[in-house]
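> I would like to see how this sequence folds:
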Amino acid sequence: MIAATGSIGLDTTRTPFKTVERVLGGSASYFSYCASFFDKVGLVSVVGEDFPEKYWRELEAKGVDLKGVQRNKGKTFHFDSSFSYDLYARTANATEFGVLASFEPRVPDEYKDAKTVYAGTNNPKIQLEFLRQFGICIGVSFSQIFDCAMLFATDIHHRPFIIYRVHIDNVD
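Below is the predicted model:
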């Protein structure tokens, strides 16, 4: 199993050729849909009362386990963006956090034995709380030799792994 967290959203995307409004979006939705081709996915996220049942059923049809998705009173995360004519440049028009702003992840017990854990785009506090529930400890390491900062983690078996590696210019 792959346990995943991130945003589930309703996206509005505008291009010079077409506009779609409030379609399924968010890092957790995209990741879960794609990862479901390779393994069972257990999703931890939140949606509001306006989240269409159609999208819930689509994720379930892909085999995504939604036990960890909270349905809270309020609006689902919404991202509105526009693309340039060449579809290269994107402008964020509006971001409405809705229920995601107060989301506190709760990982179901059956997800805690997952072989893979994915923390998608979200508030870092939410990502860290999600990882903590798997017994994962987080730390930061800076290297002047390699001009980078690394966010690393260890699991309960003390196996280290790198989550992010960021290149740093002009380290003094």
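> can we go C-alpha only for contacts and neighbour counts from here?
Fine.
> work out the gap between the helix or strand hosting Leu131 and the centre of the chain.
Here Leu131 sits within helix 124-132, counting by DSSP states H and E. Its chain's average C-alpha position is 11 Å from that of helix 124-132, according to Cα atoms, centre = their mean, to the nearest Å.
> so for that helix, what gets flagged as buried?
Neighbour counts over helix 124-132 (16 or more other Cα atoms under 10 Å) mark Ile126, Gln127, Phe130, Leu131 as buried.
> likewise for stretch 1-21?
Within stretch 1-21, judged by 16+ other Cα under 10 Å, the buried ones are 1-14.
> got any ranges where this structure has weak pLDDT?
Low-confidence segments of the chain (pLDDT under 70): 136-172.
> show me the domain layout of it.
Following automatic domain parsing, one finds the domains of the chain at 2-121, 135-172.
> pick the most deeply packed of those domains.
domain 2-121 (a mean of 17; mean count of other Cα atoms under 10 Å).
> just the terminal-to-terminal distance for that one.
Domain 2-121 has an end-to-end distance of 16 Å (Cα to Cα, to the nearest Å).
> what does stretch 20-35 give?
This stretch, stretch 20-35, spans 24 Å end to end (Cα to Cα).
> got the contact list for the helix holding Leu131?
Here helix 124-132 makes contact (Cα atoms under 8 Å, 6 or more residues apart in numbering) with Thr5, Gly6, Phe103, Glu104, Pro105, Arg106, Val107, Val117, Ala119, Gly120, Cys137, Ile138.
> quick one: which of those is nearest to Phe79?
Gly6 (13.8 Å; Cα to Cα).
> how much space separates the closest one from Phe83?
From Gly6 to Phe83 the distance is 23 Å (Cα to Cα).
> hmm, back to that, mind putting the contacts of helix 124-132 into CSV with secondary structure and distance to Arg90?
Converted to CSV, these look like this (DSSP: H, G, I helix; E, B strand; the rest coil; distance: Cα to Cα, whole Å):
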residue, secondary structure, distance to Arg90
Thr5, strand, 24
Gly6, coil, 21
Phe103, coil, 27
Glu104, coil, 30
Pro105, coil, 30
Arg106, coil, 33
Val107, coil, 33
Val117, strand, 29
Ala119, strand, 24
Gly120, coil, 20
Cys137, strand, 35
Ile138, strand, 32
